[in-house]
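Colleague: 3D model of this:
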Amino acid sequence: MSQSSSPLRRAPDAPQAARITSEAEALQTARQLAKTFAEGAAKRDRERILPHAELDALSASGLLALSVPKAYGGLGASNATLAEVIAILAEADGSIGQIPQNHFYILEALRHDGSEEQKRFYFERALAGDRFGNALSEIGTKTVGQYNTRITADGEGFRINGRKAYSTGVLFADWIVVFAKDENDQLTMSFLPRGTEGIEIIDDWDGFGQRTTGSGTTILTNVPVPAGAIVRHHKGFERPGTIGAVGQILHAGIDLGIARAAFNETVTFVRTRSRPWTNAGVERASDDPLTVSRVGQLAIRLEAATAVVEVAGRKIDLAQADPAETNTVAASLSVAAAKALTTEIAIEATNALFELAGTSATREGLNLDRHWRNARTHTVHDPVRWKYHVVGNFHLNDTAPPRSGAF
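Modeller: Numbers count the residues shown, from 1 in each chain. Below is the predicted model:
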C-alpha cells in the first residue's frame, strides 16, 4: 500500500504511539488513562465537550493497537483483555469507551479479509496511533442491515456516493472507513484518509446518552477511492469467522463498564449521603438490610457478567486460531450470552443507583443520570431479545447463529 494511494493524514506533530508489550501493561495503561478520563466525564457530558484531548492521549498510549497481530508487529492481545480495556475506559466515561469499538471491529475485519499489503499498511498505521472511524449505519432503509451507499468503478479506481448516520468516532478519526454496496450488491469496506475530497462530516448527534461519541452524519459525494483501499467485507461472512463476535464482545465491554460506574456511584452515595428509610430502624443507609441485600445482588450479577465476558473472550481466541465452524459458533453463542447479561446489568445498575441513593441523587448538578442515559442509549444498538432467540434456536433446533456483525 503506497503512500500515494492512501496518504497519511495525521498531524505531523502527532506523538508516536507507545508500544505496549504485555497484557498486564495494557490493563495498567487503561487504568491510568481512566483516572484522568473520569475527572471530566460529567462536565463533558453535561456541556457536550468532545474529548479530543482524551482521544489523543488514547492514541499515544498504544492501546489502539492492542489487537494488531504479532505477525504484523503488534501484541495480538487476547479478546478478554481487549474487552476489559474497553470496560475500564467505559467505566471512566461511557462515550470514550464506545469510540474505539468500531476501530477494533475494523481491524478484525482487516485481519480477516484484507490483502497482505493492506494488512501491513493499515496495521502499521494502528501501531502508530491512527484512529479508524466508521461510516456504516444508515437511516431511511427498510431494515438496519440494508445500505443505499454505493461504490462504483471509475477508471482505475472507484467512487462512493451516499449518506451515513451514527458514524461513531468519525469526528476523531484519522481514517474514515466507509461501508458501501458494489455493483453486485456485495458489501465493501473502503479506507479513506480524513480530508478526502467529497467527504463531509456533520457534528449532529443529539442522542440523550453517549453524547460525546462523535457519532455524526457522514455525507459522501463522488468520493474517490483507490482500488487498493477496498476490502471485500462480505467475504468475512461467507465462511466461519470472528468479525461479529469481536465487535459484540466490545459492545459487552462498554455496557459492563457503564454498569460498574453506576454501581460504584451507588455504593459511594449510600455510604456518604443517603439517609435510611424511616422503618429501617438503623442509623445509616448502608445498614438498611434491604439496601445491603440489593447491593449484594447487583455485585453478584456484575461478577457473573464479568466472568461470562472473560469466557467469551477465550472462545473468540480459540476461534481466531482455528476458525472451524464449531469454534466460531461456540464463540458467537458465548458472546451473545455476554451481551445479554451486560445489557441487563447495565440497565439494572443504572436504575438501582436512584432506587438506593434516593431523591438527592437526582440533582442535576451531580449528573448521575448520565449513567442511565448512556446505558439506555448504547444498549439499543441491537436488540438483546434476538440473542436469546439465537441461543435457544441453536440448542433446540441445531440452528447456527447467523454470520453477521451482530453475532
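Colleague: Quick check: the gap between A338 and T149.
Modeller: 31 Å (C-beta to C-beta, to the nearest Å). All C-beta spots, glycine's among them, are computed from the backbone N, C-alpha and C.
Colleague: Between those two, which is the more surrounded one?
Modeller: A338 (30 against 21; other C-beta atoms under 10 Å).
Colleague: isn't that one right next to V309, touching?
Modeller: Yes: counting by C-beta atoms under 8 Å, V309 is a contact partner of A338 at 4.7 Å.
Colleague: Quick check: neighbours shared by those two?
Modeller: 249, 252 (C-beta atoms under 8 Å, 6 or more residues apart in numbering).
Colleague: who are the neighbours in contact with T399?
Modeller: Contacts of T399 were listed using C-beta under 8 Å, 6+ apart, and they are 390, 393.
Colleague: pLDDT score for G405?
Modeller: In this model, G405 is scored at 89, pLDDT.
Colleague: For S332, see how far away the residue nearest to it when sequence neighbours are not counted is.
Modeller: Nearest residue to G405, sequence neighbours excluded (C-beta to C-beta, 6 or more residues apart in numbering): G244, at 4.8 Å. Computed as C-beta to C-beta, the G244 to S332 distance reads 7 Å.
Colleague: Domain-wise, how is this protein divided?
Modeller: Using automatic domain parsing, the domain parsing of the chain gives 23-131, 150-232, 239-397.
Colleague: Check those domains for me and report the most buried one.
Modeller: domain 23-131 (a mean of 21; mean count of other C-beta atoms under 10 Å).
Colleague: Can you measure across that one, start residue to end residue?
Modeller: 20 Å (C-alpha to C-alpha, to the nearest Å).
Colleague: So for that domain, mean pLDDT?
Modeller: The model assigns domain 23-131 a mean pLDDT of 98.
Colleague: same deal with stretch 288-303?
Modeller: Mean predicted lDDT for stretch 288-303 stands at 97.
Colleague: I would like the residues contacting it, please.
Modeller: So stretch 288-303 is contacted by 256, 259-260, 263, 266-267, 270, 276-277, 280, 282, 285-286, 341, 344-345, 348-349, 352, 355-356 (C-beta under 8 Å, 6+ apart).
Colleague: Please identify which helix or strand holds N222.
Modeller: Here N222, judged by DSSP states H and E, is contained in strand 216-225.
Colleague: Next: A165.
Modeller: strand 157-167.
Colleague: Show me the strands in the stretch 1-150 of the chain, by range?
Modeller: Taking DSSP state E, counting those that start in this stretch as the test, the strands found in the stretch 1-150 of the chain are 132-135, 150-154.
Colleague: Looking at these, spot the one closest to A173.
Modeller: strand 132-135 (2.8 Å; C-beta to C-beta).
Colleague: what lines up beside the closest one in the sheet?
Modeller: Strand pairing for strand 132-135, using DSSP bridges, gives strand 175-181 (parallel).
Colleague: Tell me which residue lies nearest the centroid of the chain.
Modeller: Central residue of the chain (C-alpha atoms, centre = their mean): Q101, 2.5 Å from the mean position.
Colleague: Please report how far that residue lies from V144.
Modeller: Distance from Q101 to V144, by C-beta to C-beta: 16 Å.
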